[in-house]
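Colleague: I need the structure of the sequence given here:
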Amino acid sequence: MIRKQEKELAQLAESWGLDYQVVKVKSELIRALKGHCQKEKISQRQLASMVPGLSQDRVSKIFTGQVGHMSIDKLVEIHSALKLKVFVKAGRSWI
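Modeller: The predicted structure is shown next:
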């Protein structure tokens, strides 16, 4: 199942003209954000109010995977507003 998801992400990255690793990192950050917000019952509007310059519309786009122009920096900033830690691990992986 994980292999299939990775292939789908790779295809998505290619169709958007983005690097696979960038799309993968964004997807993992979004998954963590969504999970935290669901667990803590934080609405999109509440989340938007916690981050300067973030609108509820933009949060909706993030949560539906429309992140082509959303930077990893902004996603990390959103994590920080929620007091969530972000860890980055570099290494070799093959699709």
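Colleague: May I have the distance across stretch 58-78, first residue to last?
Modeller: Length of stretch 58-78, first residue to last, CA to CA, to the nearest Å: 12 Å.
Colleague: ok, and for it, which residues are buried?
Modeller: Residues of stretch 58-78 classed as buried: 58, 59, 62, 63, 67, 70, 74, 75, 78 (neighbour count, 16 or more other CB atoms under 10 Å). Glycine gets a C-beta too; all of them are placed from N, C-alpha and C.
Colleague: residues in contact with stretch 62-76?
Modeller: Stretch 62-76 is contacted by residues 16, 18, 22, 25-27, 29-30, 33-34, 44, 54, 58, 61, 78, 86 when judged by CB atoms under 8 Å, 6 or more residues apart in numbering.
Colleague: Repeat the analysis, applying 6 Å as the threshold.
Modeller: With contact meaning CB atoms under 6 Å, 6 or more residues apart in numbering, stretch 62-76 is reached by 16, 25, 26, 29, 30, 34, 86.
Colleague: Which members of these are classed as buried?
Modeller: Judged by 16+ other CB under 10 Å, buried ones among the contacts of stretch 62-76: 25, 26, 29, 30.
Colleague: quick one: secondary structure of residue 39?
Modeller: helix (DSSP: H, G, I helix; E, B strand; the rest coil).
Colleague: What count of nearby residues applies to it?
Modeller: 8 (other CB atoms under 10 Å).
Colleague: Relative to residue 32, how far out is it?
Modeller: Per CB to CB, to the nearest Å, residue 39 is found 11 Å from residue 32.
Colleague: do residue 70 as well
Modeller: 14 Å.
Colleague: and what of residue 22?
Modeller: For residue 22 relative to residue 32 (CB to CB), the value is 16 Å.
Colleague: same check, this time on residue 87
Modeller: From residue 87 to residue 32 the distance is 10 Å (CB to CB).
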